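build the 3D model from these lines:
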Amino acid sequence: MDGDRRSKVQRLYDACDAVFSPGKQGGGRQLPTLKQHADGMEAADVGIDADAGGEQGESERSSSSSDDETSPRAAARRVLSTRGFTRITYVHIHECDDFSMGVFCFPAGATLPLHDHPRMVVLSKLLYGSMRVSSYGWVTAPRRCGPRKGGLAKVVAVDELREAPCKASALFPRSGGNIHTLTAVTPCALLDVLAPPYSEALGRPSTYFSDTPVPAVPGLAVLEESDLPEGFRVVGAPYVGPELIVDMDLYDY
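A predicted model of the protein is given here:
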């Protein structure tokens, strides 16, 4: 893409739009391109200070812009420092009917409890730091027993260590570890693309689970819907990265 002056987050948005929005040309053929864009993302590309070098909150960007981000808007960009964050913090970038983009910022030791992504594709990229991931995939479709949902699941990963820099990872409705829990080893940030986003009204709620291993069959566990741990809360922080242009007619993608 010689001469392409779009920011990296704009390129990622455009690729998401090409893959996930109905009626777009390319569709699934653009998935490798989408993953390539995610692979190249860094914290600075979404307005986050990976070094948390300033005080908590917003600060002026002091580093020079990269070659593909030379617009006046990019040069005047601010960054969000995560220093001092004591809870998991979500930086909302964009959401539409077809996909959402955002970043989860974790303080060291914080855990996002075991949860699912019903009928969703999830593309994640660890922007900085390290975390451990444990995940499951349903053996059979989960069922409701009274007010709670549950079922038999197979282990996909157990305390798998992920450290930045690394490639993006993807999970799908029936593969990749659709139910997972994330624990920060160090302060870290995770870029998340959900397609489509969570929606209670459309039957895509966020459900949390407890897991009980099946002693007689290693690699299997019974998952049962559970309440969130008392006091658990994800808080929000502003997105201060490059502005997104959402009128896709501007680009011949």
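
what's the neighbour count on Gly177?
Using other C-beta atoms under 10 Å, Gly177 has 21 other residues around it. Glycine gets a C-beta too; all of them are placed from N, C-alpha and C.

from what I can see it touches Ala170, true?
No - under the contact definition of C-beta atoms under 8 Å, Gly177 does not touch Ala170, with a separation of 10.1 Å.

give me the phi and psi for Lys8.
For Lys8, the backbone dihedrals (degrees, to the nearest 10) come out as phi -60, psi -40.

what does Val103 give?
Per degrees, to the nearest 10, the residue geometry at Val103, taken as phi and psi, is phi -130, psi 130.

in the sheet, who's paired with the closest residue to it other than its chain neighbours?
Nearest-residue entry for Val103: Val91, 4.3 Å, with adjacent residues in sequence omitted and distances by C-beta to C-beta, 6 or more residues apart in numbering. Per DSSP bridges, residues listed as beta-bridge partners of Val91: Val103, Ala237.

so the residue nearest to Arg174 when sequence neighbours are not counted is in which element?
Using C-beta to C-beta, 6+ apart and skipping residues adjacent in sequence, the residue nearest Arg174 is Gly137, 7.1 Å away. When secondary structure is defined using DSSP states H and E, the element that contains Gly137 is strand 130-138.

please apply the same query to Gln10.
In this structure, Gln10 sits in helix 8-20 according to DSSP H and E.

what distance do you get for Leu34 to Leu228?
Taking C-beta to C-beta, to the nearest Å as the measure, Leu34 and Leu228 are separated by 31 Å.

what's the answer for Leu190, then?
With distances taken as C-beta to C-beta, Leu190 is found 19 Å from Leu228.

more neighbours: the two, which one.
For Leu190 and Leu228, the more surrounded residue by other C-beta under 10 Å is Leu190, and the numbers stand at 24 against 12.

hang on, the more buried one in a strand?
Yes - with DSSP: H, G, I helix; E, B strand; the rest coil as the criterion, Leu190 is part of a strand.

ok, the closest residue to it other than its chain neighbours - how many residues close by?
Once flanking residues are discounted, Leu190 sits nearest to Phe104: 4.7 Å by C-beta to C-beta, 6+ apart. The tally of other residues near Phe104 (other C-beta under 10 Å) stands at 21.

what do you get for Asp39?
12.

Ser169 is in contact with that one, correct?
No - using C-beta under 8 Å, Asp39 makes no contact with Ser169, being 10.1 Å away.

show me the contacts for Glu200.
Contacts were defined as C-beta atoms under 8 Å, 6 or more residues apart in numbering; by that measure Glu200 touches no other residue.

how close does it sit to Asp192?
19 Å.

in the protein, which ranges drop under the pLDDT threshold?
1-3, 23-30, 52-77, 247-253 (pLDDT under 70).

mind running it again at 50?
Of all residues in the chain, those with pLDDT under 50 make up the ranges 1, 25-26, 53-76, 250-253.

hey, where'd the helices end up in it?
If you assign secondary structure with DSSP state H, the helices in the chain sit at 8-20, 31-39, 72-75.

right, so of those, which gets closest to Lys149?
Between Lys149 and the helices of the chain, the tightest spacing by C-beta to C-beta is seen for helix 8-20, at 25.7 Å.

which ones are touching Tyr13?
The contact partners of Tyr13, by C-beta under 8 Å, 6+ apart, come to His94, Met101, Leu244, Val246.
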